[in-house]
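1. Predicted coordinates and the sequence they were generated for:
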Amino acid sequence: MLGEACYLAWGTPEAIASLSPLSAQLAELLKADQPDPTSARRLGAQLAEARFRGPDALQVSLRLIRTRAPELFEVHDAAERIGELIGELAAGYADALRERTQVEQELLLSAVLQTRREAEAALRDSEQRFRAIFTEAGVGIALVGLDGHVLDVNPALYRLFNVSESMAGPRPLTDHVHPEDAPAMIADFRELTTGRRDNMHGEVRFVRLDGTVIWTYVTASLVRDQAGLPDYVIGVVEDVTERHQLRSRLRHQTYHDQLTRLPNRALMNEQLRWAFSPDSTVARVGLLHLDLDGFRSINDSLGHQVGDQLLLAVAGRLQLLAGGHLVTRTGGDEFAILVTDPSSVAYLSDLAGHLLAGLVPPFVIGSQRLSLTASLGIAENTVTSTWPGELQRAADAARSWAKGAGGGRWAVFDAERDAGETTRFALAASVPGAVDRDEFHLFYQPLVDMSSGNLTGVEALVRWRHPEHGLLGPARFIELAERNGAIVPLGRWVLTEACRQARRWADELGRCAPYVSVNVAPRQLAEPGWLTEVSTVLSDTGLDPGQLQLEITERAVLVDETAASDTLRTLREMGVRLAIDDFGTGYSSLSYLRRLPVHGLKIDGSFIRGLRESGSELDWDPAELGAGPERVVDPVDTPDSKIVAALISMAHALDLVVTAEWVETAAQARRLRALGCDIGQGHWYGDPVPASQLAPLLRRPLAG
């Protein structure tokens, strides 16, 4: 019955199960001969203990007992008995419920008190730990109010500021901040106190009472109250002065040359980037690149210690001469001067002349008096028309022009000249690919016996049929190909093609076939496998070595005379003809010429040009062409005539065959014959032509 009441009140099976024993006790009370009020009161208490305490639960249960007890418990006078018991049940229920509630309240209060005591103890522990950290910490700690006043600082912060006395009252946060750092620090502090940020960090400079500036790393955090509102700021201050000084030293080393202490290339690049940046107010930039002429020979002959002292002296002079302009050492014996917003190129030219003139007085290094010159390049432009890298390249290009002109001078960058230089370098760089694409062709110029007029040999001269620039002569690409090494594959191709053509002429003409003369660049002669290449080409083409002449310049021989002599001796033993090309433009030493195992020499054309008729408008001998009486006057007594005569006489004394190139007129040819020259070459005898056009000349004498 009570379970049913519970079900109606709560509707849970767990409640019904817990109250079933109480129903049995109630039945025993109703069936007893004499109702027991004490047992009824106890039963009411048990009802409360069963947690049957929902709203109206007791009223529902008593109503059910009164109306349904007779039929449930089969008690005839149940109504009377129940009436006597209900009051006791209710009283027991109420007493138990009141006691239960009181106990629960006491337990709750005890728990609350315990929690409060634990929280207070934890807070005390936390405060003690914080105070211990605050006091004993090795870094400075400050508590700052939201109004920007310092409330408390720890001993470490006093020590950091070299202050021993305690702080007398709150002080403004900015009292010891470096003036340059104060605005940024105030802005960050406002971000914290308004709650827009919870922390900040960064380097801040402080000024001690004695004026010493210290670098610190500050980490500041906002502390909020229980409501989540900003309460105060705690700052941790770490002394990083030594670290900053170390970083400054490292930065200085990064941006300064270790020897001269001048700014280095890295700083120059940084300054240039700044000048070209949108934030810069610079409109024009001038750059002077300078290097010392012949400095390497000073290092090699006097030692690097003297060289270093000389660089120090040069750096000092340049700084003095350049005034307020930035002077940098960009590497080795190279320096650069940066000029922002120069008034004109003329100003930069005057500055360049001033710098070069200032280096003229000898430098006294120990017991040495050293004189030197420098080459200087000038580049200038607006920041909107170029960029740092291009300006530096332009200054370097101008410097190379000055050095190429002999040094001791300055040159201003010229865009048109640079475009030509760029084209030449592009051509040189594309030489190896052009060889593979069969863009090169050989032309052949006659080598004529001056006494008989017979063609005895031909010189192979390379031409480039460029897909964009048309037919190019060697002056357009040979020199640069020698510089970048492209002359090696090109020279290999020329030698191979010339030997193949010579073999075809040998097969066609037999003993009357001309020999072929091939130029050899100094770089080829120095190649370790070059001798093997020559031997392989002769073997592959089947050409008689005596039908090949190799022309070697004086310069190539003088680079390493011993090695060159060994190479030439091996070639001579193979049967190859050897000739010294452009003789007279180098040292022209009789002693070295006597030692070289060569067959002949070619007099440089600059001497032959001086043999042309003086004052005549004719470039040839009309009498020898059958065009009228001869009007040519032999320039017998000119200096060039005397030089050529001496060279021919000297060569014949050494049993060498003499070839004269650049023979353009009959007067030259006649004079050379009179001087005993053996072979002539030039326009007078025939211009370079393809092998197919040379065929008719192979079978008849040429003009003599």
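-> That came in fine, so what should we check first?

2. what are the phi and psi angles of residue 267?
-> With angles defined as degrees, to the nearest 10, residue 267 sits at phi -70, psi -40.

3. who's in contact with the residue nearest to it when sequence neighbours are not counted?
-> Spatial nearest neighbour of residue 267, excluding adjacent residues (Cβ to Cβ, 6 or more residues apart in numbering): residue 255 at 4.0 Å. C-beta coordinates here come from the backbone N, C-alpha and C atoms, glycine included. Residue 255 makes contact with 263-264, 266-267, 270, according to Cβ atoms under 8 Å, 6 or more residues apart in numbering.

4. just residue 394 next, same as before
-> Counting by Cβ under 8 Å, 6+ apart, residue 394 touches 287, 377, 379, 381, 386, 413, 418.

5. Tell me which of the residues you listed fall in helices.
-> Per DSSP state H, helices hold the following members of those: residue 418.

6. ok, of the contacts of residue 394, which one's closest to residue 305?
-> residue 377 (29.3 Å; Cβ to Cβ).

7. Run a quick neighbour tally on that closest one.
-> Residue 377 has 25 neighbouring residues, counting by other Cβ atoms under 10 Å.

8. so which helix or strand takes in residue 138?
-> Assigned by DSSP states H and E, residue 138 belongs to no helix or strand.

9. how near is the residue nearest to residue 267 to residue 358?
-> Going from residue 255 to residue 358 by Cβ to Cβ, to the nearest Å gives 25 Å.

10. what's near enough to touch the residue lying closest to residue 512 once chain neighbours are set aside?
-> Closest residue to residue 512 apart from its sequence neighbours, by Cβ to Cβ, 6+ apart: residue 698 at 7.5 Å. Going by Cβ under 8 Å, 6+ apart, residue 698 touches 455, 505, 509, 512-514.

11. So which residue is smack in the middle of the protein?
-> Closest residue to the average C-alpha location of the chain: residue 266 at 10.3 Å, with Cα atoms, centre = their mean.

12. residues in contact with it?
-> The contact partners of residue 266, taken as Cβ under 8 Å, 6+ apart, are 254-255.

13. Begin at 63, not 1, for the rest of this chat.
-> Right, with 63 as the first residue, what we last looked at is residue 328.

14. Give me the pLDDT for it.
-> On pLDDT, residue 328 comes in at 90.

15. who does residue 640 bridge with?
-> residue 612 (DSSP bridges).

16. For residue 589, see how far away it is.
-> 17 Å.

17. go on, residue 639?
-> 20 Å.

18. Of these two, which one has the most company?
-> residue 639 (21 against 16).

19. I figured that one hits residue 614, correct?
-> No: in terms of Cβ atoms under 8 Å, residue 639 does not count as a neighbour of residue 614; the distance is 11.1 Å.

20. ok, how many other residues are close to residue 234?
-> 12.

21. cool, and residue 635?
-> Using other Cβ under 10 Å, residue 635 is surrounded by 10 other residues.

22. Assumed it was part of a strand.
-> No: counting by DSSP: H, G, I helix; E, B strand; the rest coil, residue 635 is not found in a strand; it is helix.

23. any chance of the contacts of residue 760 in TSV, with secondary structure, distance to residue 524 and neighbour count too?
-> What follows is the contacts of residue 760, written out as TSV (DSSP: H, G, I helix; E, B strand; the rest coil; distance: Cβ to Cβ, whole Å; neighbours: other Cβ atoms under 10 Å):
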residue	secondary structure	distance to residue 524	neighbour count
517	strand	20	21
567	helix	18	22
571	helix	23	13
574	helix	26	13
575	coil	21	20
576	coil	18	23
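
24. so which one among those has the lowest pLDDT?
-> When these are compared by pLDDT, residue 574 scores lowest at 87.

25. Would you mind measuring from that residue to residue 517?
-> The gap separating residue 574 from residue 517 is 9 Å, by Cβ to Cβ.

26. in the sheet, who's paired with residue 298?
-> residue 203, residue 281.

27. hang on, isn't it packed against residue 266?
-> No: with contact defined as Cβ under 8 Å, residue 298 does not reach residue 266; the gap is 11.8 Å.

28. For those two, list the residues in contact with both.
-> By Cβ under 8 Å, 6+ apart, the residues touching both residue 298 and residue 266 are residue 280.

29. Can you say which helix or strand has the residue nearest to the centre of the chain in it?
-> Using DSSP H and E, residue 328 sits in helix 327-337.

30. Which strand or helix spans residue 272?
-> In this structure, residue 272 sits in neither a helix nor a strand according to DSSP H and E.

31. Just the pLDDT for residue 492.
-> On the pLDDT scale, residue 492 is placed at 84.

32. and the gap between it and residue 535?
-> Distance from residue 492 to residue 535, counting by Cβ to Cβ: 16 Å.

33. What ranges in the stretch 63-212 of the chain fall below the confidence cut-off?
-> Along the stretch 63-212 of the chain, the parts satisfying pLDDT under 70 run over 63-89, 91-97, 110-149, 159-160, 162-195, 198.

34. At which residues are the strands of the stretch 613-762 of the chain located?
-> Ranges of strands in the stretch 613-762 of the chain, per DSSP state E, counting those that start in this stretch, are 639-645, 662-665, 719-722, 741-742, 751-752.

35. list the helices and strands the fourth one packs on?
-> When contacts are defined as 3 or more Cβ pairs under 8 Å, 6 or more residues apart in numbering; DSSP states H and E, strand 741-742 sits against strand 502-511, strand 719-722.

36. Would you mind finding the most buried of those strands?
-> Mean neighbour count, computed with mean count of other Cβ atoms under 10 Å, is highest for strand 719-722 among these, reaching a mean of 25.

37. Could you name the helices and strands sitting against that strand?
-> Using 3+ Cβ pairs under 8 Å, 6+ apart: strand 719-722 touches strand 662-665, helix 701-715, strand 741-742.

38. right, and those - which one's nearest residue 249?
-> Of the helices and strands packed on strand 719-722, the one closest to residue 249 (Cβ to Cβ) turns out to be strand 662-665, at 82.2 Å.

39. Now tell me what touches that closest one from outside.
-> 613, 639-646, 655, 706, 709-710, 713, 718-723, 739-741, 743.

40. With stretch 266-277 instead?
-> For stretch 266-277, contacts defined as Cβ under 8 Å, 6+ apart pick out 222-225, 238-240, 242-243, 247, 265, 278-280, 301-303, 305-307.

41. Let's see that with 6 Å instead.
-> The contact list for stretch 266-277 (Cβ atoms under 6 Å, 6 or more residues apart in numbering) reads 223-224, 238, 240, 243, 247, 278, 280, 302-303, 306.

42. to the chain's geometric centre, what's the distance from that stretch?
-> Stretch 266-277 has its C-alpha centroid displaced from the chain centroid by 38 Å (Cα atoms, centre = their mean, to the nearest Å).

43. likewise stretch 585-600?
-> Centre-to-centre, stretch 585-600 and its host chain are 39 Å apart (Cα atoms, centre = their mean).

44. returning to what we had before: go ahead and build a ChimeraX selection from the buried members of the contacts of residue 317.
-> Listed next is the ChimeraX selection for buried residues among the contacts of residue 317, using 16 or more other Cβ atoms under 10 Å:
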select :325,326,329
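
45. which among the contacts of residue 317 gets closest to residue 529?
-> Among these, and counting by Cβ to Cβ, the member closest to residue 529 is residue 328, at 42.4 Å.

46. what's the distance between the closest one and residue 397?
-> If you go by Cβ to Cβ, the gap between residue 328 and residue 397 works out to 15 Å.

47. do the same with residue 503
-> Distance from residue 503 to residue 397, by Cβ to Cβ: 46 Å.

48. Then residue 721?
-> Counting by Cβ to Cβ, the separation of residue 721 from residue 397 is 47 Å.

49. go on, residue 635?
-> For residue 635, the distance to residue 397 equals 52 Å [Cβ to Cβ].

50. likewise residue 710?
-> Using Cβ to Cβ, residue 710 is found at 50 Å from residue 397.

51. So between these two, which is more surrounded?
-> Taking other Cβ under 10 Å, residue 710 and residue 397 do not tie; residue 397 has more neighbours (27 against 20).
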